[in-house]
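In: Have a look; sequence and predicted model below, questions after that.
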Amino acid sequence: MAWLYLFVAGLFEVGWAIGLKYTQGFTRLLPTLFTGVSMVISLGLLGLALKSLPVGTAYAVWTGIGTIGTAILGIALLGEPAGVLRLLCIGMIVAGIVGLKLVSP
């Protein structure tokens, strides 16, 4: 169950990271509320995952999911570049997350 909490926490991290862009410096109410709620949920689920997962592993996976999701949505929604090297680096982060899952409880 801890890995499920961690995965969902990572998804909410993506939500607040992308949400920050849409708040326009916290001047837009709905994106700001969405971002704040996403932050609270993300940290809460990370805390639940940390009850049984090692902190280094959980934090690396949480930030990795957030990094991958934010980079992909940045490309898809915000027109950020999707160069081969950038996609290769994202792939290496995916490999790192899979590796941590394989060697962790």
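Out: Done, it's in. Owing to the predicted nature of the structure, the values given are computational and were not obtained by experimental measurement. Residues are numbered from 1 along each chain as shown.

In: For the residue of the chain most remote from its centre, give its distance to Leu33.
Out: The outermost residue of the chain, judged by C-alpha distance from the chain's mean C-alpha position using CA atoms, centre = their mean, is Thr27 at 23.3 Å. Counting by CB to CB, to the nearest Å, the gap between Thr27 and Leu33 amounts to 13 Å. Just so you know, the C-beta spots here come from the backbone N, C-alpha and C atoms, and that holds for glycine as well.

In: Could you do Leu100 as well?
Out: Taking CB to CB as the criterion, Leu100 is separated from Leu33 by 33 Å.

In: more neighbours, the two?
Out: More neighbours surround Leu100 than the other of Leu100 and Leu33, with 17 against 12 (other CB atoms under 10 Å).

In: need the contact list for the residue nearest the centre of the chain.
Out: The geometric centre of the chain, computed from its C-alpha atoms, lies nearest to Gly66 (CA atoms, centre = their mean), at 1.6 Å. For Gly66, the residues meeting the contact criterion (CB atoms under 8 Å, 6 or more residues apart in numbering) are 10, 13-14, 17.

In: Same check on Leu11?
Out: For Leu11, the set of contacting residues under the criterion of CB under 8 Å, 6+ apart consists of 65, 69.

In: Let's verify the residue farthest from the centre of the chain: helix, strand, or coil?
Out: Taking DSSP: H, G, I helix; E, B strand; the rest coil as the rule, one finds Thr27 in the coil state.

In: gap between the longest helix along the chain and the chain center?
Out: Scanning the chain for the longest helix, with DSSP state H as the assignment, gives helix 55-78. Put simply, helix 55-78 sits 4 Å off its chain's centre (CA atoms, centre = their mean, to the nearest Å).
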